[in-house]
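*Asks:* Here you go, sequence then predicted model.
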Amino acid sequence: MLTELNRSGQSILMVTHDIKAALRATRLLYIEDGKIIGELSLPPYNSNEEKSRETQVNAWLTSLEWGGADMEILTLLKVNIRRKKGSFISVILLTLIITMSVTTILSIKESASKGVNNAHEIFDTSDLLVMYSSDNLTDDLVEKIKSDDRVKRVNIADSILTEKATMGNEDDSSTMFITNYDENIRLLKSDLNGIAENTPELQKGGIYVPQGLLTVLH
């Protein structure tokens, strides 16, 4: 429509970063930082010659060191910075904060996952934990489990199964089991960053609880 208006004698001034739109013009001005850097005159637009016209315009823009789509983005950024500097800086800062937060979360998640896997390797954790009542755990059942080709080993630990635990004034109704102290048990460091080298021996009446339970209760 604009092309037809121009052909009828109507002058049209258009500002654009779109080469396809610029091809319709008969006179092109390249403006940067408010200054005219280059000028190109073209014959009236003919759709049959669009390819050669585009090649000519691209060659002209290249000679002016125009950077194509990347340069369009940079130009728009520069304009936004000048017109709305405060808003633009706020968006940039918000983007940086979000990026840093996501990076930190992913880093913590990856570190925690590595820590768990490392702990499993150190203590050769079993893949499956099964709780049996002492009345139902027979020697025949244990032998049957051990003889299964899919079972690498069987460890039996006497435990007390609870349905409720009270720590101070806090109650926890999660199912948990209590077992005798084992010299292979390791504690987390006070800052929770790794495993402590030494585990103090429990005194009479003492108990070690999982960090997960402490987190829930506190």
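*Replies:* Now that the structure is in, tell me what you want to look at.
*Asks:* which stretches of this protein form helices?
*Replies:* Listed in chain order, the helices of the chain (DSSP state H) span residues 2-7, 19-22, 50-63, 68-83, 85-123, 139-146, 211-217.
*Asks:* And those helices, which one averages the lowest pLDDT?
*Replies:* Mean pLDDT across the helices of the chain is lowest at helix 68-83; the value there is a mean of 56.
*Asks:* Residue 25 - how many residues pack around it?
*Replies:* The criterion is other CB atoms under 10 Å. On that basis, residue 25 has 20 neighbouring residues. For every residue, glycine as well, the C-beta is placed using N, CA and C.
*Asks:* go on, the one 5 residues further on?
*Replies:* Residues lying near residue 30 (other CB under 10 Å) number 16.
*Asks:* Would you mind listing the residues in contact with it?
*Replies:* Residues in contact with residue 30 (CB atoms under 8 Å, 6 or more residues apart in numbering) are 36-40, 61, 64, 66.
*Asks:* Against residue 14, how distant is the nearest residue to residue 19 once chain neighbours are set aside?
*Replies:* Here the nearest residue to residue 19 in space, its sequence neighbours aside, is residue 57; by CB to CB, 6 or more residues apart in numbering that works out to 6.2 Å. From residue 57 across to residue 14, the span is 14 Å (CB to CB, to the nearest Å).
*Asks:* Looks like the residue nearest to residue 19 contacts residue 21 (just checking).
*Replies:* No: taking CB atoms under 8 Å as the definition, residue 57 is not a contact partner of residue 21, at 11.0 Å.
*Asks:* who's more crowded, the two?
*Replies:* Neighbours of residue 57 and residue 21, each counted by other CB under 10 Å, are more numerous for residue 57; the result is 19 against 12.
*Asks:* Tell me how far that one lies from residue 41.
*Replies:* To residue 41, residue 57 is 11 Å away according to CB to CB.
*Asks:* Touching both of these two, which residues are there?
*Replies:* Overlap between the contact sets of residue 57 and residue 41, as judged by CB under 8 Å, 6+ apart, is given by residue 28.
*Asks:* got a list of what the residue nearest to residue 19 touches?
*Replies:* Listed by CB under 8 Å, 6+ apart, the contact partners of residue 57 are 19, 22-23, 28, 40, 42.
*Asks:* ok, those residues vs residue 150, which is closest?
*Replies:* residue 19 (66.1 Å; CB to CB).
*Asks:* Surely that closest one touches residue 59?
*Replies:* No: with contacts defined as CB under 8 Å, residue 19 does not count as touching residue 59, sitting 11.8 Å away.
*Asks:* Of these two, which one has the most company?
*Replies:* Comparing residue 19 with residue 59 by neighbour count (other CB under 10 Å), the higher total belongs to residue 19, at 16 against 10.
*Asks:* OK, contacts around the residue lying closest to residue 56 once chain neighbours are set aside?
*Replies:* The shortest distance from residue 56 to any non-neighbouring residue, by CB to CB, 6+ apart, is to residue 42 (7.4 Å). If you count contacts by CB under 8 Å, 6+ apart, residue 42 has them with 25-28, 53, 56-57.
*Asks:* In PyMOL, select just the buried ones from these.
*Replies:* Selection of buried members from the contacts of residue 42 for PyMOL, criterion 16 or more other CB atoms under 10 Å:
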select buried, resi 25+28+53+57
